[in-house]
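[1] Please work out how this folds:
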Amino acid sequence: MISTSEAFSILENLDCRKRVVALSLLEARNHVLAETLYSPINMPPFRQATMDGFAIALHDSLEYEIVGEVKAGDFWDTQLKSGQAVKIFTGAAVPNSAQAVIQIEKVIVVETFLHLKEISKPETNIRQLGAQITKGAMALAEGTFLNPAAVGFLTGLGFTKVKVYQKPKIGIVVTGNELVSAGEILQDGKVYESNTIMLQTALFEANFNTIALYKVNDNFENTKNTLETAIAENDVVLVSGGISVGDYDFVGKALESLKVETLFYKVNQKPGKPLFVGTQNDKIIFALPGNPAASLTCFYVYVLPRLQRLSGIQQPYGSSLQKNLAHDFLVDNPRAQFLKASIAEEEVTVLAHQDSGMLNSFALANALVYVSEGTYQLLKGDKVLVYRI
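    Here you go, the predicted structure:
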């Protein structure tokens, strides 16, 4: 059995072979850029009106003659003489011979003439050529997460396709004769299987959508064959349950027979002690505890950072915050603990129902508090390590 810090170190130093794929910008959303992009144009590509009003060729009087109109998408290429103006709309190209745009609320219009209420300064209400970015300047760096704003920004520069880090294919293998699907009649000795949808939801929430599901009964050959298929078809395999040492826990034996190399098995923590992590070539296998809260804890602490790494997000293992504890708390456990908790502003509260099989408090949690093994008292206001989930 190893410590949590040893487990973090092993995964931190594990080779990470990221794949690159070219996708349309819509498909590339929620991916990480695998290339640095430079702007092919100035943005805006012309002097741009920032509001509705009148573009004017400045002179010494407050009176101007209106000689035309410029809508968004139009281009006025006639030279304005001093004292002339054109009506203009937000986003439209300001004529090169105009020095300012006066918002419509600050003028009085009488037929084809307008009167300014105040003297205007040059460049008023004009967004300059290349004000957002100039041609050839770096638009977004490799490693940038493509959120909606980034996708919109790149589209506005004329990009249609970009290179991103491909997200891993993920297989979820659920074991257990005692499991039945929600909606079925719950017979004696059976429980509803919740880990599949729980892990799927956690993956979807983290923007991982390529997921395959596998169900296996507690039988060695069935377990081995299903795991072999899941490993062949996916980049990362999450196994739920069957990794302990009971007579009907066949996952460990099956993985050994498939020549999966063990990185570690069992971590000195609660919940999630019987965690297995192994590799087969460039595939990685996480065998998670069957208890739901333990399974979800191991997902957030160990699995998610690996998935992020494969996707180009450099999320280090063991990355945590320090928050003030909102109350006294007695630690009394020979294992390190990840405690379900809730952060409010700068304080964190450890929740009730910490049992590894209970999800009710996890449903209210937005963090895990890490405490090291031992017997000691934490006091209100003490700094504790916190993992956001």
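[2] Tell me which stretches of the stretch 101-250 of the chain form strands.
    Secondary structure of the stretch 101-250 of the chain (DSSP state E, counting those that start in this stretch): strands at 107-110, 113-116, 126-127, 138-140, 161-165, 170-175, 179-180, 191-192, 211-216, 236-240.
[3] try the stretch 251-389 of the chain
    261-265, 269-270, 276-280, 283-288, 321-325, 329-333, 336-344, 347-350, 367-371, 374-378, 383-388.
[4] what's the angle between the fifth one and strand 383-388?
    Yep, that's strand 321-325 we're talking about. Going by axes from the mean of the first three to the mean of the last three C-alpha atoms, to 10 degrees, strand 321-325 is angled at 120 degrees with respect to strand 383-388.
[5] what's strand 321-325 packed up against?
    strand 347-350, strand 383-388 (3 or more C-beta pairs under 8 Å, 6 or more residues apart in numbering; DSSP states H and E). C-beta: built from backbone N, CA, C; applies to glycine.
[6] Note down every partner strand of that strand and its orientation.
    strand 347-350 (parallel), strand 383-388 (antiparallel) (DSSP bridges).
[7] what's the most buried one of the strands of the stretch 251-389 of the chain?
    Ranked by mean neighbour count, the strands of the stretch 251-389 of the chain are led by strand 283-288 with a mean of 25 (mean count of other C-beta atoms under 10 Å).
[8] centre of the chain versus that strand, how much separation?
    Relative to its chain's centre, strand 283-288 lies at 22 Å (C-alpha atoms, centre = their mean, to the nearest Å).
[9] repeat for stretch 11-29
    13 Å.
[10] Identify all contacting residues around that stretch.
    With contact meaning C-beta atoms under 8 Å, 6 or more residues apart in numbering, stretch 11-29 is reached by 31, 34, 146-148, 151, 154-155, 159-166, 263, 277, 279, 282, 284, 302, 305-306, 309-312, 316-318.
[11] picking up where we left off before, closest one to Thr90 among the strands of the stretch 251-389 of the chain?
    Proximity to Thr90, assessed across the strands of the stretch 251-389 of the chain by C-beta to C-beta, is greatest for strand 383-388 (40.0 Å).
[12] And the average pLDDT for that closest one is what?
    Averaging pLDDT along strand 383-388 yields 95.
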